[in-house]
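[1] What shape does this take:
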Amino acid sequence: MTRRSVRRSVRVLGVASGSAALVLGLAGSALACNIKDFSAEAKCDGDKGVIVVTDTDASAKDATVTVFLKGAGGVETKIGEQPVKGSKEGARITFAEDWKPSATYRIHVKADRAVDEDIQPDLVTPSTACKTESQTPTPSASATPSPSPSTSTSTSAPAEPASPVPSASQSSTAPAGTSENAPSPAAGDSNLAETGASSNTGLIAGIAALLVVVGGGAVWFGMRRRGASRNG
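    From the prediction side, this is the model:
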């Protein structure tokens, strides 16, 4: 073999080994466990809530999933922790968590040295709970009888005797006895009540008539005396 052919053979071998290493590296990175292989979802199991985590890691590495409930002020509550071994079809684990509407959960995944991260973004539950308000029984209004105070009052209070009603004869005789005992008004008072004038009206009329008669007689006497003086 010449040096030229040897060099050519070495060059072809190097290219082939480099290509093989590149292919194996790509295949290994494709099969490596990644946080993107994990997903979480809040679901309903009947009237109870559950959190389902799915692992689609084709390398089938063992991983541990931990679920935390995020509260006010950054306080977290650990809900549970479960192991999972991924598969290309997707391996699922379920956490029994009766979640509240619009609650936030942090889900952490740890798989040996490959993954030690949280699933992003955090899981936020739906705005509607699994158990609706219409399913809760409400007590009917007729179940609680209301006491009737009118009945108890009427039975406990004694009946009062009825007040006597005066008869027609008693009511008619009472005014008559009162009129007999009262003093009778004077005659002048009765005339004043009937005519509306004083009792001296008749006396004044009589004096006026007397003055008219006296005046008429004086006039007649004076005329007669004047006629007698003329004749003499």
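
[2] Looking at per-residue confidence, what score does residue 128 get?
    Per-residue confidence for residue 128 comes out at a pLDDT of 94.

[3] For the nearest residue to it once chain neighbours are set aside, the count of nearby residues, please.
    Take residue 128 and drop its neighbours on the chain: the residue closest to it by Cβ to Cβ, 6 or more residues apart in numbering is residue 101, 6.0 Å away. For every residue, glycine as well, the C-beta is placed using N, CA and C. Counted by other Cβ atoms under 10 Å, the residues lying close to residue 101 total 13.

[4] next one: residue 97
    18.

[5] now do residue 102
    Residues within reach of residue 102, counting by other Cβ under 10 Å, total 11.

[6] surely it meets residue 129?
    No: counting by Cβ atoms under 8 Å, no contact exists between residue 102 and residue 129, whose distance comes to 9.8 Å.

[7] before we move on, what SS does the residue nearest to residue 128 have?
    Reducing the assignment at residue 101 to three states with DSSP: H, G, I helix; E, B strand; the rest coil gives coil.

[8] what separates it from residue 131, distance-wise?
    Taking Cβ to Cβ, to the nearest Å as the measure, residue 101 falls 11 Å from residue 131.

[9] Need the mean per-residue confidence for the longest helix along the chain.
    Of all the segments of type helix in the chain, defined by DSSP state H, the longest one is helix 201-231. The predicted model assigns helix 201-231 a mean pLDDT of 81.

[10] Pull out the buried positions in that helix.
    Within helix 201-231, no residue qualifies as buried by neighbour count (16 or more other Cβ atoms under 10 Å).

[11] on that earlier part again, which neighbours do residue 101 and residue 131 have in common?
    Applying Cβ atoms under 8 Å, 6 or more residues apart in numbering, one finds that no residue jointly contacts residue 101 and residue 131.

[12] Which residue ranges of this protein form strands?
    With DSSP state E as the criterion, the chain has strands at 38-45, 48-55, 62-70, 76-85, 91-96, 104-111, 115-118, 123-124.

[13] need these in TSV with distance to residue 213, mean neighbour count and mean pLDDT, can you?
    Listed next are these as TSV, based on distance: least, Cβ to Cβ, whole Å; neighbours: other Cβ atoms under 10 Å; pLDDT from 0 to 100:
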stretch	distance to residue 213	mean neighbour count	mean pLDDT
strand 38-45	133	16	96
strand 48-55	133	19	96
strand 62-70	134	19	96
strand 76-85	135	13	96
strand 91-96	139	16	96
strand 104-111	133	20	96
strand 115-118	144	16	95
strand 123-124	132	17	97
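
[14] Noted, bye for now.
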